[in-house]
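Asks: Need coordinates for the below:
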Amino acid sequence: MLLLRTNTFIELTSRYSSETDQSVGSKSNPNFYSAPNKNSKLPKLNEFSISLQKRNQMPPRNLDLHPTLAKNHIVIVLYVHNRPQYLQVAIDSLSKVVGISETLLIISHDGYYKEMNTIVEKIKFCQVKQIFAPYSPHIFPNSFPGVSPNDCKDKEDPARNKCKGNPDQYGNHRSPKIVSLKHHWWWMMNTVWDGLKETSNHFGHILFIEEDHFIFPNAYRNIQLLTEMKPKKCPHCYAANLAPSDVKSRGEGWESLIAERMGNVGYAFNRTVWKKIHRKAGEFCSFDDYNWDITMWATVYPSFGGPVYSLRGPRTSAVHFGKCGLHQGQGEKMVCIDNGVFNLEVEENDRVPNLESNWGVHVYEHQTGYQAGFRGWGGWGDIRDRRLCLEFSEMYLPSEV
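Replies: Okay, here's the model as predicted:
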């Protein structure tokens, strides 16, 4: 049985080994799907997850307040887990962003949490589209992708303990709470680019932020400027970023644009780049690391065949304020926001666009950080997680593919 499953995974992986350019969710694709196709081999949905999938088909809210979107708007996607205190800070910061009413805000939930949903439903400053990951582990308390009754735990030996599972490179079996991080990000990316009618014909950039990102008032105008300048200023750049790749940095303060590796705070790219990422689903889904960003840095970006630069300004327009989480080997006992309060003084220069079109571009050619050759933090060794990841890659493809 294990051999059969492994062969199935290899077969799925091989579908992404060639440089095909399957048109999904675009004007050129008449078979666009707003729901997973019937031939997918995704886990069977339960009643709750079916209800979430139906909610994913609902139109954006606040259409009465903001009936139209600005021409050439940049869609914003905020992906969230279950940290309501963080989400409230992020939402409050977004409410003060200049130009926010011109665009669509998509909020991608890792499953469903009532308090998180309540916060989002109070948003009035722009159009809001909510999507809920219907395969989030906490929605399946007694079966995969959640915890199955016979799952191996910790470092149990499957043969000796008669349990199910494949350990990661360090001998540890899957933790649903941890693998959920990578699953949600990949499901969200496939859904936003290829599974929503609201973005099916969007060929511009999409900006991605997280619930522990504080967004400055000038962020939207700055990302507009960066995406406009990128073709001429940095034609080899794949993306634009609101913040330095070093999350502790607030920027250099130079009178120059910066080209460096793509960061994970406030990053924006277009459909062309998404297609390039999607073609690397095999690499993404098979790399033994539960962090989506480290997976991208260590295996996906290096597979592009050259440096993957992102264009940004010399001052940050977004700040990562999270002090608790599960990323990059962190534990769970760290304090979330200082004393339960987040205070950040926004300077006047960060309230208005602060980029100039006559600036040059400083390129960081050699940077530290996760790169090709890094083995990964583990947590992603179970063949079931890898197969589910690949199924997410195919769920919106036309049935005949």
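Asks: The stretch 101-250 of the chain: helices as residue ranges?
Replies: In the stretch 101-250 of the chain, the helices defined using DSSP state H, counting those that start in this stretch lie at 114-121, 158-161, 176-194, 219-233.
Asks: got the CA positions of the shortest one in CSV?
Replies: Taking Å, rounded to 0.1, in the frame of the first residue of the first chain, the C-alpha atoms of helix 158-161 are listed here in CSV:
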residue,chain,number,x,y,z
PRO,A,158,5.1,2.8,12.0
ALA,A,159,6.0,-1.0,11.8
ARG,A,160,6.5,-1.4,15.6
ASN,A,161,3.6,0.7,16.7
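Asks: So for stretch 110-128, what gets flagged as buried?
Replies: For stretch 110-128, a neighbour-count test (16 or more other Cβ atoms under 10 Å) marks 110-113, 116-117, 119-120, 123, 125-128 as buried. C-beta coordinates here come from the backbone N, C-alpha and C atoms, glycine included.
Asks: nope, stretch 245-263 is what I was after
Replies: Quick answer for stretch 245-263 (16+ other Cβ under 10 Å): Ser245, Val247, Leu257, Ile258, Ala259, Glu260, Arg261, Met262, Gly263.
Asks: Over to the residue nearest to the first one when sequence neighbours are not counted: give its phi and psi.
Replies: Excluding its sequence neighbours, the residue lying closest to Ser245 (Cβ to Cβ, 6 or more residues apart in numbering) is Gly263, at 3.7 Å. Geometry field for Gly263 lists phi and psi as phi -90, psi 180, criterion degrees, to the nearest 10.
Asks: Mean pLDDT lowest where, among the helices of the stretch 101-250 of the chain?
Replies: Among these, helix 158-161 has the lowest mean pLDDT, at a mean of 92.
Asks: Could you point out which residue ranges in the stretch 251-400 of the chain have low pLDDT?
Replies: Low-confidence segments of the stretch 251-400 of the chain, defined by pLDDT under 70: 323-341, 399-400.
Asks: do that again at 90, thanks
Replies: 306, 321-346, 366-369, 397-400 (pLDDT under 90).
Asks: Strands of that one, start to end?
Replies: With DSSP state E, counting those that start in this stretch, the ranges of strands along the stretch 251-400 of the chain come out as 257-261, 267-269, 309-312, 318-320, 361-363.
Asks: Now do the third one: which elements does it pack against?
Replies: Yep, that's strand 309-312 we're talking about. helix 219-233, strand 237-241, strand 257-261 (3 or more Cβ pairs under 8 Å, 6 or more residues apart in numbering; DSSP states H and E).
Asks: could you pull out the strands for the stretch 51-200 of the chain?
Replies: Going by DSSP E, counting those that start in this stretch, the stretch 51-200 of the chain shows strands at 75-80, 104-109, 127-132.
Asks: closest to Arg315 out of those strands?
Replies: strand 75-80 (19.9 Å; Cβ to Cβ).
Asks: can you tell me how far the spatially most central residue of the chain sits from Ala298?
Replies: Closest to where the C-alpha atoms of the chain average out (Cα atoms, centre = their mean) is Trp185, at 4.0 Å. The gap separating Trp185 from Ala298 is 15 Å, by Cβ to Cβ, to the nearest Å.
Asks: ok, now Ile209?
Replies: In terms of Cβ to Cβ, Ile209 sits 22 Å off from Ala298.
Asks: Can you give me the buried ones in stretch 43-52?
Replies: For stretch 43-52, by 16+ other Cβ under 10 Å, it's Pro43, Leu45, Asn46, Ser49, Leu52.
Asks: Does the first one fall in a helix, a strand, or a coil region?
Replies: This means Pro43. At Pro43 the chain is in coil, as set by DSSP: H, G, I helix; E, B strand; the rest coil.
Asks: Show the pLDDT at it.
Replies: As predicted, Pro43 sits at a pLDDT of 93.
Asks: That one reaches Phe140, doesn't it?
Replies: Yes. Pro43 is within contact range of Phe140, at 7.3 Å (criterion: Cβ atoms under 8 Å).
Asks: picking up where we left off before, which one of the buried residues of stretch 110-128 is nearest Gly379?
Replies: Nearest to Gly379 among the buried residues of stretch 110-128, counting by Cβ to Cβ, is Asp110 at 15.9 Å.
Asks: Report the separation between that closest one and Pro235.
Replies: 36 Å.
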